[in-house]
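>>> Pasted the sequence and its predicted model underneath.
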Amino acid sequence: MEHDGSRQDFLKTWRLVGWALASLMCLALVLPLPARSQDPDDEEADDDKATFAESVTVTATKRGEVSAQEIPLAITAFDSERLDRLDAVDFDEMIVQSPGTNFVDNGGPGRGFSLASMRGLSPVADNTVSVVGQYLDGAPRFGNNYRLFDLGEVSVLRGPQGTLWGSQAVGGLISFTSNRPNSSALGGRLLGEMVSTSGADEGFRLTGHINVPLRTDRVALRVAAQTVDDAGYVDNISTGAGGVNDSQETALRGSLLFQASDSVGITVIHHRSDIEADYPSSFEPALGDLRIDLPFDQLPADQDFQLTNLIVDATVGQFALNYTASQYDLDRVFADGLVNAFGFIPLARDLNISDEESWTHEVRLASTSGSRVTWIAGLYWDDLDQNSLIETREIAGPGGPAIGDDALIFGIGGPQTFEEAAVFGEVSFSLGQKWELLLGGRYFDWEVTNDQDTVFLGASFGQETGTVGDDDSFYKVHVTRSVGDDDIVYATRSEGFRVGGFNPFVGPAWNSSFDFLKFDPDRLINYEIGYKSTWASNRVILNLAAYTMDWEDVQTVVFDTIGVFAFTANASDLEADGFEVELSTQDLIADGVFAGFSYTYSDNEFTKDAFIFESDREPLIARGDKLRRTPENAWSVDFGYSFSLGQSWAGYARANYWHKDRTTTEGFNKELWHGADPCTGRSQRFAGCVPWALGAATRHRQPR
């Protein structure tokens, strides 16, 4: 990617600004700063307005409810009121409000799989765990396309969170917490919306909840539900049908609280979501204006997931005990159409079938006393069983089938299991009135067992891949200094880790060496300094962070030597750095007026050349190359006004704008094959030819 001189100067200037901010924060660590002066007449105003900086409490630190502004981490928190103001339903409507955080839509049932990307770290390999962990009520997985409803808290923690949250939180963590039952009051809510999409019919959303105390202060039930109808906006020029990618979703959540005693509370939560779509949210860019060209309009694109959480909170003497268990089940199927598949099948469909089931358990004990030393320690265990299949089956066209209607032409996949056991903990030491030192660590043992096969025209390639695993540990060091009454400066060194795994197709049949059967873990080390402050009688929040990261042995998706199949390999190391600014106000200009601004700059590059294939004469990933899907600049502006409409009604008006730089989703070596016949040997790296694979890449599709 080339930049003109003015753009380079702009980026250099912003980088200098970022590190200047970091230098100022370093000085704040060692130099005492005077407290900001305050007019005595404002003391009464302080009492009224102090709730803004303290109102959003989070539980993502696993130490009970703590004000987000008091946590020495780069964290953006959303409570139910802020989510209502944003009218956030989809993942991307909320995530753009957090600096350094973006989303990638990978396609699939409904509106696609929204994957989080933090600080320029994107999910660069399709068969690895995400670089950003996402938890719902303590469960590490809850399906794709999750729509927000009846949530009490969403916490976005940027930077590695591996100490407390494990291998999924390499670049950060997003924790979703649903509203809990209230055993003291009967209540409910119903919300209806009409949605207009350019180039589509009207859609709607209907959501609501009811809370019923079954026994005052002891037992309560909360039931929440949502249904969303999304009108399609992709047109099929072959059939003349419009809006072929419409979808319908229904979701239900039931929560039961049993307060067994003043010191023991038990909550059971059951989630269920069902998505039915007529077509995956993809289109063909070459046709322009959101179009596809296929002789049919409807293919299956459905997903159903169920998640059950058991949460036990108990106070045992001076300690807080928590046990969280989750059982998860997912069934998903979606299809895509193919024309001239493999060069000899006139019409076919790619059918993606996934079945997942997991059990997760975590037990932790934390100190609750106000002593100078506080700590948390826990055990974690996760067992995930997956069975994922990709099948290409023929569809009989006008001239009849070449092999047979619904005949299996190609199939790949099978069962895979993942197990992880871990011991983790953190301990904090108060060093005088201003300083605090935190030390954390995690030891874990992981194992992936893969038993997949590949079939073509009835012939099995016997792709049984075996077991891979290891044990490892990492640590965290965190220093915090209080500045004045309300501000903190922090510096941290933290780590993240992703497990290794298997590639489903390697060997002579794919022109890929058995050396690529497995890929290794990768590790990220983050160095960060931050400043969190409140101003104007707690009506203004200003947070800054600057960081630099080293990502070792990056798991990267590449194409094989004939450009047909993508798989994961370990590339060279990557360096990333950047800075973030987050500014928000409420009731500053006038009562009810709120505003927010966030900006992030992130830059990354590989530190050395990566030669993936033995036939490489030039590096597949060159030193200085950047990750895909990683915008350098992103910002958002939010402005609005909330007002009362009587005792039971409230209203708000809001305008929001967000921007992120253009990125690419192309593979690193796509230029070797894109648009070319691999059997011509156009690339010097070409090592062979599989004639029946010629049609596999004839149609280039990408997610919305």
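Perfect, I can see it now.
>>> For the closest residue to Asp302 other than its chain neighbours, grab the count of nearby residues.
Nearest non-adjacent residue to Asp302, counting by CB to CB, 6 or more residues apart in numbering: Glu276, 5.2 Å away. (Each C-beta comes from the backbone N, C-alpha and C, glycine too.) Neighbour count of Glu276, defined by other CB atoms under 10 Å: 16.
>>> Can you give me the distance of Glu276 to Ser354?
16 Å (CB to CB, to the nearest Å).
>>> again with Gly243
26 Å.
>>> sec struct for Arg85, please.
The three-state label given to Arg85 by DSSP: H, G, I helix; E, B strand; the rest coil is helix.
>>> How about the contacts made by it?
Phe594, Gly640, Ser642, Tyr652, Arg654 (CB atoms under 8 Å, 6 or more residues apart in numbering).
>>> Direction included, what does the helix or strand hosting the last one pair against?
What it means is Arg654. Secondary structure assignment for Arg654, by DSSP states H and E: strand 650-660. Paired strands of strand 650-660, with direction, are strand 633-644 (antiparallel) (DSSP bridges).
>>> Distance check, the spatially most central residue of the chain against Val104.
Nearest to the mean C-alpha position of the chain, by CA atoms, centre = their mean, lies Ala116 at 3.1 Å. Remark: distance between Ala116 and Val104 (CB to CB) = 8 Å.
>>> before we move on, what about Leu307?
Applying CB to CB, the value for Leu307 to Val104 is 23 Å.
>>> what's the pLDDT at the residue nearest to Asp302?
According to the prediction, Glu276 has pLDDT 87.
>>> Got the phi and psi for it?
In terms of degrees, to the nearest 10, the main-chain angles of Glu276 are phi -130, psi 120.
>>> Quick check, it in contact with Asp229.
No. Using CB atoms under 8 Å, Glu276 is not in contact with Asp229; the gap is 10.5 Å.
>>> list residues touching both of those two?
Counting by CB under 8 Å, 6+ apart, the residues touching both Glu276 and Asp229 are Ser247, Gln248.
>>> Quick one: the helices in this protein, in order.
Listed in chain order, the helices of the chain (DSSP state H) span 5-30, 43-49, 51-54, 80-86, 91-95, 162-165.
>>> Just the buried positions in the strand holding Arg654, please.
Asn656, Trp658, Lys660 (16 or more other CB atoms under 10 Å).
>>> Tell me where the stretch 51-200 of the chain is predicted with low confidence.
The stretch 51-200 of the chain contains residues with pLDDT under 70 at 51-55, 105-114, 123-128.
>>> Can you give me the domain boundaries for the protein?
Using automatic domain parsing, the domains assigned to the chain come out as 5-179+299-703, 205-298.
>>> The last one spans what distance, first to last residue?
Which is domain 205-298. End-to-end span of domain 205-298 (CA to CA, to the nearest Å): 23 Å.
>>> quick one: it to chain centroid distance?
Distance of domain 205-298 from its chain centroid, counting by CA atoms, centre = their mean, to the nearest Å, is 18 Å.
>>> again, but for the first one
Between the mean C-alpha location of domain 5-179+299-703 and the chain-wide mean there is a distance of 4 Å, by CA atoms, centre = their mean.
>>> picking that back up, from the contacts of Arg85, which one has the minimum pLDDT?
Minimum pLDDT across the contacts of Arg85 falls on Tyr652, with 81.
>>> residues near the closest residue to that one other than its chain neighbours, how many?
Excluding its sequence neighbours, the residue lying closest to Tyr652 (CB to CB, 6+ apart) is Ser642, at 4.1 Å. Number of residues near Ser642 (other CB under 10 Å) recorded here: 18.
>>> okay but Thr101 is in contact with Leu157, surely?
No. Using CB under 8 Å, Thr101 makes no contact with Leu157, being 10.0 Å away.
>>> Give me the more crowded residue out of these two.
Per other CB under 10 Å, whichever of Thr101 and Leu157 has more neighbours is Leu157, with 27 against 24.
>>> contacting residues around that one?
By CB under 8 Å, 6+ apart, the contact set of Leu157 is Ala60, Leu73, Ala74, Ile75, Ala169, Gly172, Leu173, Ile174, Ser175.
>>> how near is it to Glu394?
In terms of CB to CB, Leu157 sits 48 Å off from Glu394.
>>> How about Ala139?
39 Å.
>>> and the nearest residue to Gly187 once chain neighbours are set aside, how many residues sit next to it?
Residue nearest to Gly187 in three dimensions, not counting chain neighbours: Asn211, with 4.8 Å by CB to CB, 6+ apart. Close neighbours of Asn211, defined as other CB under 10 Å, add up to 23.
>>> So what pairs up with Asn211 in the strands?
Gly187, Arg222.
>>> Show the pLDDT at it.
On the pLDDT scale, Asn211 gets 97.
>>> Let me see the contact set for it.
Contacts of Asn211 were listed using CB under 8 Å, 6+ apart, and they are Pro181, Asn182, Ala185, Leu186, Gly187, Gly188, Ala220, Leu221, Arg222.
>>> at 7 Å instead, please
Contacts for Asn211 (CB atoms under 7 Å, 6 or more residues apart in numbering) come out as Pro181, Asn182, Leu186, Gly187, Gly188, Ala220, Arg222.
>>> isn't the last one right next to Gly208, touching?
Translated: Arg222. No. Shown here, Arg222 and Gly208 do not form a contact pair, counting by CB atoms under 7 Å, at 11.4 Å.
>>> Neighbour count: the two, which is higher?
Under the criterion of other CB under 10 Å, the comparison of Arg222 against Gly208 puts Arg222 first, with 23 against 16.
>>> Now Arg180: phi and psi?
Per-residue torsions, Arg180: phi -90, psi 160 (degrees, to the nearest 10).
>>> quick one, what contacts it?
Gly152, Ser255, Leu257, Thr267.
>>> Apart from its chain neighbours, what residue comes closest to the first one?
Taking CB to CB, 6+ apart, and ignoring the residues beside it in sequence, Gly152 has Asn179 as its nearest neighbour in space, at 4.2 Å.
>>> Count the neighbours of the one you found for me.
Neighbour number of Asn179 under other CB under 10 Å is 17.
>>> How about Gly317?
So Gly317, with other CB under 10 Å, has 9 neighbours.
>>> Could you pull out the strands in the stretch 51-200 of the chain for me?
57-58, 66-67, 75-79, 101-105, 114-118, 132-136, 151-158, 172-178, 187-196 (DSSP state E, counting those that start in this stretch).
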